[in-house]
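Engineer: heads up, no residue letters with this:
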């Protein structure tokens, strides 16, 4: 078993205050857990065990249930994302137009092998996303909120080189 | 909003402004606004920077002091996503395609100031010698009929007044003031409308069942906007382009089944749709179109959005409700059906976005109008998201019964690069393939089922001769294996076994019995899985085996992949006659598998070759082939 490298949790007081505000706003309403998790992930970028514990305590939901929900939905992640998060769409329309090759090329360029999704310096992370609905531009990838469409494998270098800082 | 008169007042205030966008507008624009610039703000065009284009238009127009005469409006999707970003200027109806930020200055100074249409930027097909062809006469739009998409690309989805100007909320006022719930249900029943999410269950019957359930402790009306099929973006476009239509329809449904609270369950992957929906809900609340005592009656209804979190199975109705309840989105056995016991154990009506989008029009125009469109058992229209190997990727809405050939060849503009049509995949991971031999069948719910495919929510992915059907089946199974929630064994383990067999076949280790085994497994999973995801997961396999058995056999018997996709089964070769010996391929090869003398034919060492395809892309003479 190779142990996964994890980045230590370093949440701030401001983040915690925001989270508490979100919890209090949703507390008591039916089905509050998933909206709270969405907000928590927006605040922290991911849902490490520390954040789940805070939610469990303050929303009064058992930890097992929270962990169950977090791991069920692919949008929720317990791993931090890189400064630049790359999502390569592997929906059907993109796939038939070769997005699988683009995904592999980026992993190769970033030196990511096997299951690892984030570069050790925390700069880039990559994810194969479900259809993002921009099928008209297939194949598509996103870097944070920027969308790149109608790509070929040759575009990979050009795109990555934009994110050097 | 307490009365119809208030609605009419808004409508007449907005009329001139919105009428400009109608094809047959004969109004004299007494209003001070003389031109309207519509810019597509759907996800496709937004991805190719339409927000920057809008800003540029606004800046340039302001710089010229035209902001009172020319209005810039961000709309929903026009449908022709392949040509985005799209800009339409009214009253001329000039359709500018693939507009870049740099082009805006020219459109403003030439078209908006001097009145000269910028021909170079027009959608090619609309250019005529002395005039521009109306969009409705172009091949892409000619055969379309827009009911669910009627306002998409026409109105500003973030402005409720524009929706009202085009008869918005009129159906709701009619229902609340002139009709009984039973009459509403009868109209929906008589219209023959069937669920557009894929199953095709008659909507009127669903409403009737939900209405019959006693309202002891409350009832809910829900909207399924968890459009998870890869390659499908119909619902997203409706919500981005015309969110009020869905809100109005849900209020009508709530009145019909006696509910007071609704939920829209939408994918978090659709941020623009979520944002516009929230704006629309807020506006409707402000106008009193949601809330208490709507239109001065004693009818109360309110709506909330619930975000999905990336689980395909949550598109299944019972799983969707478990997810709204805040739990793992696992389905549960039916019966009891949601109409009896749904969200939080209360009777619940659940319909898909596109289904709802049809409702206000059915109420306004009557059931007879709706049944006059489409085929006998599938009335109305269907929205398809055209994608894959097709020229006009985008969103189309056609009457039921349109043939696949019309959609692919006429509306879709055929296959790029002169390739041959091989199959169309409908219904995503739950659907199947329609081969070229069935291109002339009329597409409706029943004909697709008869042919081993299904309507699905409307994704229509076109594949050409370069796509391997075994690989496509494998692709969908990988998807369903990944998305299986794990609750029932046939789905969790059965589909995994099928995927393993397919992997074996694509690696060249399959045998003929594997094909039979796949079929056997497929039928038993179909019969025994708990929910729609599992029951339909084998469809892509069954339909590819049915229509492309020869391709499966080529993989297992000849150990060849006819389309050259399955890497383990192909080898690269240089045709000596065609090779000019330029060495370009050898320089591209990442593993130095290609060698030879300049100006004489090169060769590939197949033991070194990793089949990456870099050489083929570079060869200018077509000398490298895949076998």
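Structural biologist: That came in fine, so what should we check first? Here the structure is a predicted model, which means the values were calculated and not measured.
Engineer: low-confidence regions, chain B specifically.
Structural biologist: B:23-31 (pLDDT under 70).
Engineer: max-length strand in it?
Structural biologist: When chain B is scanned for its longest strand (criterion: DSSP state E), the result is strand B:381-388.
Engineer: can you name the element that comes right after it?
Structural biologist: Per DSSP states H and E, the first helix or strand lying C-terminal to strand B:381-388 is strand B:394-399.
Engineer: and that following strand, is it in reach of chain A?
Structural biologist: Yes - Strand B:394-399 lies within reach of chain A by C-beta under 8 Å from any C-beta of the partner chain, at residue B:394. Placement of C-beta: from N, CA and C, glycine included.
Engineer: list phi and psi for the closest residue to chain A within chain B.
Structural biologist: At 2.6 Å from chain A, residue B:81 is the closest residue in chain B, using C-beta to the nearest C-beta. Residue B:81 has phi and psi values of phi -60, psi -30 when expressed as degrees, to the nearest 10.
Engineer: for residue B:580, same thing?
Structural biologist: Dihedral angles for residue B:580 - degrees, to the nearest 10 - are phi -100, psi 0.
Engineer: helix, strand or coil for the nearest residue to it once chain neighbours are set aside?
Structural biologist: Once flanking residues are discounted, residue B:580 sits nearest to residue B:621: 5.8 Å by C-beta to C-beta, 6 or more residues apart in numbering or on different chains. Classification of residue B:621 by DSSP: H, G, I helix; E, B strand; the rest coil places it in coil.
Engineer: so how many other residues sit close to the residue of chain A found nearest chain B?
Structural biologist: Nearest residue of chain A to chain B (C-beta to the nearest C-beta) works out as residue A:136 at 2.6 Å. Neighbour count of residue A:136, defined by other C-beta atoms under 10 Å in any protein chain shown: 30.
Engineer: I'd say it and residue B:81 touch.
Structural biologist: Yes - counting by C-beta atoms under 8 Å, residue B:81 is a contact partner of residue A:136 at 2.6 Å.
Engineer: between the two, which contacts overlap?
Structural biologist: Taking C-beta atoms under 8 Å, 6 or more residues apart in numbering or on different chains as the criterion, residue A:136 and residue B:81 both touch B:44, B:393-394.
Engineer: which among those end up buried?
Structural biologist: B:44, B:393-394 (16 or more other C-beta atoms under 10 Å in any protein chain shown).
Engineer: export these to JSON lines and append columns for distance to residue B:194.
Structural biologist: JSON lines is the format used below for these (distance: C-beta to C-beta, whole Å):
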{"residue": "B:44", "distance to residue B:194": "28"}
{"residue": "B:393", "distance to residue B:194": "26"}
{"residue": "B:394", "distance to residue B:194": "24"}
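Engineer: please parse the chain into its domains.
Structural biologist: Answering for chain A, as no chain was given. What automatic domain parsing lists as the domains of chain A is A:13-72, A:84-160.
Engineer: that's the other chain; I wanted chain B
Structural biologist: If you go by automatic domain parsing, chain B breaks into B:32-138, B:160-370, B:381-464, B:469-558, B:571-626.
Engineer: mind listing residues that contact stretch A:49-63?
Structural biologist: Here stretch A:49-63 has contacts from A:9, A:11, A:16, A:19-20, A:23-24, A:26-27, A:32-33, A:36-37, A:40, A:44, A:66-67, A:70, A:78, using C-beta under 8 Å, 6+ apart.
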